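*Asks:* compute the structure for the input listed below.
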Amino acid sequence: MIQFAGAILVLFAGTMIGYLQAARYAARPRQIRQLTHALQRLETEIQYGQTPLPEALSRIAEVVPPPVSGLFSEIARSLAGGTGATVRESWEKALAEGWGRTSMKQPEREALARLGSTLGASGREDQLKHVRLTMIQLQTEEAAARDEQNRYEKMSRSLGVLGAALVVILML
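*Replies:* Next up is the predicted model:
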């Protein structure tokens, strides 16, 4: 009886591990899409609203779902806090603290870091060019993430179940 309960627990744990990994593959393209949407809103705020950057980032954080919203709210909080931090410093700090909560990978982080180093340091047109360039880079990464999702999502689920089944067979 105890062996049977242990086998069920191992099967359940292995299956959940596979499904959690598959969920990360599914979350990455969705989060990149959310990030691209947030940058489109930032572009609009810069171009038409001429809104101050902390306020624009706060507005974006309100519309974008977590965990992406956390990045923008942290940057806005840091800029509005009066700590004297530059946009670049605030941006890098938010990426360092909040990136682990996302499913995105290094190429997306590098694109955002490059954008953060140029925002607030140049004219409006130059900033718009950098935002558009970052959106193009993110769209490319989203396509790659979708390919990766199609390739590995189902395999992760299957490996979780089959790996757990193998462990159960070896236990018995």
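
*Asks:* pretty sure Leu172 sits against Gln3.
*Replies:* Yes. Leu172 sits in contact with Gln3 when judged by C-beta atoms under 8 Å, with a separation of 6.6 Å. For every residue, glycine as well, the C-beta is placed using N, CA and C.

*Asks:* find the residues that touch each one of these two.
*Replies:* Common neighbours of Leu172 and Gln3 (criterion: C-beta atoms under 8 Å, 6 or more residues apart in numbering): none identified.

*Asks:* quick one: Ala13 from Val161, how far?
*Replies:* Remark: distance between Ala13 and Val161 (C-beta to C-beta, to the nearest Å) = 11 Å.

*Asks:* just want to know which of these two has more residues nearby.
*Replies:* Ranked by neighbour count (other C-beta atoms under 10 Å), Ala13 and Val161 place Val161 first, with 17 against 13.

*Asks:* figure out the helix or strand that that one lives in.
*Replies:* helix 124-171 (DSSP states H and E).

*Asks:* which helices and strands sit right next to that helix?
*Replies:* helix 2-44, helix 106-118 (3 or more C-beta pairs under 8 Å, 6 or more residues apart in numbering; DSSP states H and E).

*Asks:* what's next to stretch 40-48, contact-wise?
*Replies:* 51, 56-57, 59-60, 63-64, 124, 127-128, 131-132, 135.

*Asks:* can you pull the contacts of Glu105?
*Replies:* Residue 105: Lys, not Glu. Counted by C-beta under 8 Å, 6+ apart, Lys105 has contacts 28, 141.

*Asks:* and it, how close does it get to Gln31?
*Replies:* Lys105 is 10 Å from Gln31, by C-beta to C-beta.

*Asks:* the helices and strands packed on helix 124-171: which one's closest to Arg88?
*Replies:* Closest to Arg88 of these is helix 106-118 (C-beta to C-beta; 5.0 Å).
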